[in-house]
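Colleague: predicted structure and sequence below. I'll ask about it afterward.
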Amino acid sequence: MKNKLYTTILASTLAVPAIVVPVSAESPFKDVAPSSPYAEAVTYLNAEKIITGYGDGTFRPLETISRQHVMAIIAKIIDLPSIREAKTFTDVPVGHPYYEAIQTAYRTGIIDGYQDDTFKPEAPVTRAQLAKILALAFDLKADTIAVFQDVPSTHWSHEYVQALAGSKITTTGSTGLYRPNEQLTRGQYALFLYRLLHIEEDVQLPLPTGHWSGSIEIPQSPLDVQLAIKEDGTGTFSVPAQGVKDYPVKSLKMTGDSIVVEIDLAGTQMVIEGKVSEGKITATFTQNGMSLPLTLTPYEAPEVTYEKWNIPVAGGELAVALQWPTGEVSAPVPVAILIAGSGATNKDGNTIIGENNSLKMLAEDLAAQGIATIRYDKRGVGENAALIAKEEDLLFTSYANDVESIVKAVKEDSRFSEVHLIGHSEGSLVGMVAASTTKVDSIVSIAGAGRPIDEVLIEQLSAQLPDDMLETSKTILASLKKGELVENVPESLYSIFRPSVQPYMISWLQYNPADIIKALDVPVLIVQGKNDLQVKVTDAEKLAAADTDAEVVYFDTMNHVLKEAPMDQAGNLATYADPTLPLAKGLVDRISSFITKK
């Protein structure tokens, strides 16, 4: 259907989420938010008076659409010649409100009705039926063959589905499915129409080579991603907050001004599908059936203010960032090793929740006070992702051993006079375990748990899970604490207790932070924020009770990411994704004075 421009379009691809360009105009319907995948199509078609909603101000995009309504809209937007005489359908008499639209569709050959001379005007329409209607009504042809696993060449709708794919009304996407027997919804129908309306002659654009970055617009928690496209047609995908760096994409295809990037990340299928225009890629990001807007612009690498250093560790080399003191300083200088918290927390303190740069700020602020720092992505994360081939190979002691290797490298380097450990959250215990077997000059525990992790987890989960799931969690933790793997994990708890993470949890559960800190023979500073939602003041008190020689300092409004925050959950969590906020007042000065003994 090249070079044809129709006054409306129906674009539905449940198999592949539609390309959605975010619109600035408000949706005319209260149940179609601007972020909805149907917003662009519905807003446009309503403005063109092609579709309408209901009297209550809704459009109801998820409701199925009937055969009579499909015919009525097609009759409104395209004038086709008749190829045969009219036919009487027993359930569509002359006085029927859609009689003319249905008769027109029959006379033009795009519908036939049923063998019992009925049309079933109020029956839903399947995706296969719609493919035939659109292919015939708009004279769509397939220039290439697209492979849909559920529409083989023997399927009656095969040629019509191929016609839609050939005209870019649908694609195979990451699933390879068209789902021909699914009932069509009003929102999907609007998307099909919208795409048909915008079919034009392709102008083949070159691959947008280079480094691109943007944020997946997850409500309240945007997620930064990067896409690098090379001249040879290959590319890599990165999610810095999740420790995913330069992961090879599965496929990258450019057709006209449209780009489709498919990513298979450890069995998880992701698709970036969009348009290249005016120096940006406007697209949708799809994963697990959910589609969210994503706009990519040329990436500007942040200024690197640290020295890159590779330190030998078990299984390879650990890439670390050495932040040298600013101003006029001369070696040797004290150095503090910053140890990040649990999960995919990177060297800057950022997580999947967002970018807060807490550890980056701590490193730079300590450097301004004459203290060098070393921070790093943990093994399995970011720059050090390759140090873990399989999640089940990771143990808690793996992290402690890496700290010991860094300490060893520092002691062999004449630039440093002392070595100190600063552990945040889980990193507090990692540092203490490392200090149990290697000599350091001091330890700073920030938001460190004072209890075994099973007690902390149960406390956190009790506020989130129903009673039955909480009891199941307790049972699983009890087994893991005894060193027993749990084979059958409920799907609802899989992200926490999946089999591949159980070896790590078993090794973690063997430690009681209070026992470890009590046995240390090293100066300790315990730092705790009173507005921390994850680790409580009682944890700091338990650590202090175990090590009566430790110095303890509390910050009244500091939260878990070391920022001043309110105690209410929404306001507190908002700081997790705000890199513009400074660290809590007085935090850096207190740590600096402890390390330098001033």
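Modeller: The structure has been received and is ready for your questions.

Colleague: going forward, measure contacts and count neighbours with C-alpha atoms only.
Modeller: Will do.

Colleague: what ranges do the helices span in the stretch 351-500 of the chain?
Modeller: Ranges of helices within the stretch 351-500 of the chain are 358-367, 396-411, 426-435, 453-462, 467-481, 494-497, based on DSSP state H, counting those that start in this stretch.

Colleague: of those, flag the one that's most buried.
Modeller: helix 426-435 (a mean of 25; mean count of other CA atoms under 10 Å).

Colleague: for that one, name the packing helices and strands.
Modeller: strand 333-339, helix 396-411, strand 416-424, strand 442-446, helix 513-519 (3 or more CA pairs under 8 Å, 6 or more residues apart in numbering; DSSP states H and E).

Colleague: from the centre of this protein, point out the most distant residue.
Modeller: residue 85 (55.2 Å; CA atoms, centre = their mean).

Colleague: contacts only, for the closest residue to that residue other than its chain neighbours.
Modeller: Spatial nearest neighbour of residue 85, chain neighbours left out: residue 107 (5.9 Å); criterion: CA to CA, 6 or more residues apart in numbering. Contacts for residue 107 (CA atoms under 8 Å, 6 or more residues apart in numbering) come out as 82, 83, 84, 85, 86, 87.

Colleague: can you list the domains in the chain?
Modeller: 1-65+124-200, 210-298, 307-451+512-596, 453-510 (automatic domain parsing).

Colleague: now the helices for the stretch 1-150 of the chain?
Modeller: 39-47, 67-77, 99-107, 127-137.

Colleague: could you export those as a markdown table, including mean pLDDT and distance to residue 233?
Modeller: Below are the helices of the stretch 1-150 of the chain laid out as a markdown table (pLDDT from 0 to 100; distance: least, CA to CA, whole Å):
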| stretch | mean pLDDT | distance to residue 233 |
| --- | --- | --- |
| helix 39-47 | 89 | 30 |
| helix 67-77 | 89 | 40 |
| helix 99-107 | 91 | 45 |
| helix 127-137 | 90 | 32 |
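
Colleague: could those helices go into CSV alongside distance to residue 350?
Modeller: Output for these, formatted as CSV (distance: least, CA to CA, whole Å):
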stretch, distance to residue 350
helix 39-47, 32
helix 67-77, 49
helix 99-107, 57
helix 127-137, 43
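
Colleague: any idea how far residue 297 lies from residue 226?
Modeller: Distance of residue 297 to residue 226, computed by CA to CA, to the nearest Å: 9 Å.

Colleague: okay but residue 61 is in contact with residue 184, surely?
Modeller: No - using CA atoms under 8 Å, residue 61 is not in contact with residue 184; the gap is 10.1 Å.

Colleague: ok, those two, which is more surrounded?
Modeller: A count of neighbours by other CA atoms under 10 Å puts residue 184 above the other of residue 61 and residue 184, at 25 against 21.

Colleague: got the contact list for the residue nearest in space to the middle of the chain?
Modeller: Compute the mean C-alpha point of the chain, and by CA atoms, centre = their mean the closest residue is residue 223, 5.8 Å away. Applying CA under 8 Å, 6+ apart, we find residue 223 in contact with 215, 216, 217, 239, 241, 352, 353, 354.

Colleague: near the second one, how many other residues are there?
Modeller: Think residue 216. Residue 216: 21 neighbours (other CA under 10 Å).

Colleague: to residue 318, which of the helices of the stretch 1-150 of the chain lies closest?
Modeller: helix 39-47 (46.6 Å; CA to CA).

Colleague: quick one: buried residues of that closest one?
Modeller: Of the residues in helix 39-47, 39, 40, 41, 42, 43, 44, 45, 46 count as buried by neighbour count, 16 or more other CA atoms under 10 Å.

Colleague: tell me the secondary structure for the nearest residue to the fourth one once chain neighbours are set aside?
Modeller: Nearest residue to residue 42, sequence neighbours excluded (CA to CA, 6+ apart): residue 190, at 6.0 Å. When the structure is reduced to helix, strand and coil (DSSP: H, G, I helix; E, B strand; the rest coil), residue 190 reads as helix.

Colleague: residue 552: which of the helices of the stretch 1-150 of the chain is closest?
Modeller: Using CA to CA, these put helix 39-47 closest to residue 552, at 53.9 Å.

Colleague: could I get the helices of the stretch 351-500 of the chain as CSV with mean pLDDT and distance to residue 313?
Modeller: Listed next are those as CSV, based on pLDDT from 0 to 100; distance: least, CA to CA, whole Å:
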stretch, mean pLDDT, distance to residue 313
helix 358-367, 97, 22
helix 396-411, 96, 6
helix 426-435, 96, 14
helix 453-462, 88, 26
helix 467-481, 93, 28
helix 494-497, 85, 28
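
Colleague: of all the ones you listed, which one comes closest to residue 532?
Modeller: Of the helices of the stretch 351-500 of the chain, nearest to residue 532 by CA to CA is helix 453-462, at 12.3 Å.

Colleague: residue 87 reaches residue 105, doesn't it?
Modeller: No - in this structure, residue 87 is not within contact of residue 105 by CA under 8 Å, at 10.6 Å.

Colleague: quick check: which ranges of this protein have low pLDDT?
Modeller: When residues are selected by pLDDT under 70, those of the chain lie in 1-27, 143-144, 173-174, 199-204, 220-221, 243, 598.

Colleague: again, only using 50
Modeller: 1-25, 201-202 (pLDDT under 50).

Colleague: and for residue 407, nearest residue in space, chain neighbours not counted?
Modeller: residue 419 (7.0 Å).

Colleague: give me the number of residues near residue 351?
Modeller: Residue 351, neighbours per other CA under 10 Å, totals 24.

Colleague: now it: how far from residue 307?
Modeller: For residue 351 relative to residue 307 (CA to CA), the value is 23 Å.

Colleague: still on that earlier bit, okay, the domains of the chain in a markdown table with distance to residue 95 next?
Modeller: Formatted as a markdown table, these follow (distance: least, CA to CA, whole Å):
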| stretch | distance to residue 95 |
| --- | --- |
| domain 1-65+124-200 | 21 |
| domain 210-298 | 43 |
| domain 307-451+512-596 | 58 |
| domain 453-510 | 54 |
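
Colleague: closest to residue 118 out of these?
Modeller: That would be domain 1-65+124-200 among those, by CA to CA, at 14.2 Å.

Colleague: now do that closest one: distance to the chain's middle.
Modeller: Taking the mean of its C-alpha atoms, domain 1-65+124-200 sits 26 Å from the chain's own mean (CA atoms, centre = their mean, to the nearest Å).

Colleague: the residue nearest to residue 158 when sequence neighbours are not counted: which element?
Modeller: Counting by CA to CA, 6+ apart, residue 151 is the residue found nearest to residue 158 once chain neighbours are left out, at 5.9 Å. In this assignment (DSSP states H and E), residue 151 forms part of neither any helix nor any strand.

Colleague: residue 151 and residue 131: what is the separation?
Modeller: Residue 151 is 12 Å from residue 131, by CA to CA.

Colleague: what does residue 521 give?
Modeller: 74 Å.

Colleague: more neighbours, those two?
Modeller: residue 131 (26 against 15).

Colleague: distance of residue 305 relative to residue 324?
Modeller: Distance from residue 305 to residue 324, by CA to CA: 9 Å.

Colleague: in stretch 210-227, which residues are buried?
Modeller: Under 16+ other CA under 10 Å, the buried positions of stretch 210-227 are 211-217, 221-227.

Colleague: nearest to residue 31 among these?
Modeller: Closest to residue 31, out of all of the buried residues of stretch 210-227 and judged by CA to CA, is residue 217, at 19.1 Å.
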